[in-house]
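A.B. asks: Next comes the sequence, and after it the predicted model I'd like to discuss.
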Amino acid sequence: MVLTKAELIDKLQQEVRILLHLISKVNPPDLEYRPTPQQRSVLELLQYLTIFAPIHLRTIVSGKLDLDAWRNEWGIEEAAARQRGLEEIKAAIGAQSPLFSNLLEPLTDEDLLLQMEVFGNQGSRGSWLVSLVLCHFAAYRMQLFLYLKSCGHAELNTLNLWAGMDRQ
């Protein structure tokens, strides 16, 4: 794997830290913003961010995608996420950071190289962790950043997006 397991865990935890920084910029009126009627609102995006990583992570760690079980878990978690307000969202996302260590540290390098099929495609567990978890964080973090900019948060800049910090 290109990343060591420790580096991957660190990158995932960094994503949570940056995401929580961006979420700290959300004002209550921002929660209802959506660019078009078909797109998620800020609130819906944040609710989604509470579930995708844990579900994908547990699937990849198991080494097998059982699509029926995955859909069932997704439905249950999505229903719970829809009930979360901003404070519950922050708590749920913050709880993901230790989850990365708890689930990934027991895996060996050999475990990360094992092949598995996800949505009809083959890849190593390590590659799925990068593409389905790490890359998703970066993509949805960018979406949240752009939503916040559209809500009028002109103070946000590259440091907020990529380093999770305000300009000094």
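C.D. replies: Right, received. Where do you want to start? Computed from a predicted structure; not experimentally measured.
A.B. asks: So what's the residue count around the residue lying closest to L113 once chain neighbours are set aside?
C.D. replies: Excluding the flanking residues, the one nearest L113 by Cβ to Cβ, 6 or more residues apart in numbering is S124, at 5.2 Å. Every residue, glycine included, has its C-beta placed from N, CA and C. Using other Cβ atoms under 10 Å, S124 is surrounded by 16 other residues.
A.B. asks: what is S124 paired to in the beta sheet?
C.D. replies: Counting by DSSP bridges, S124 forms beta bridges with Q115.
A.B. asks: Please tell me I have it right and it contacts L114.
C.D. replies: Yes: S124 is in contact with L114 according to Cβ atoms under 8 Å; the separation is 6.6 Å.
A.B. asks: Not counting its own residues, what contacts the lengthiest helix in the chain?
C.D. replies: The residue-count maximum for a helix in the chain (DSSP state H) belongs to helix 5-23. If you take Cβ atoms under 8 Å, 6 or more residues apart in numbering as the criterion, helix 5-23 is touched by 1, 3, 46, 49, 53, 86, 89-90, 93-94, 96-97, 100-101, 104-105, 107, 109, 112, 126, 129-130, 133-134, 137-138, 141, 144-145, 148, 156, 160-165.
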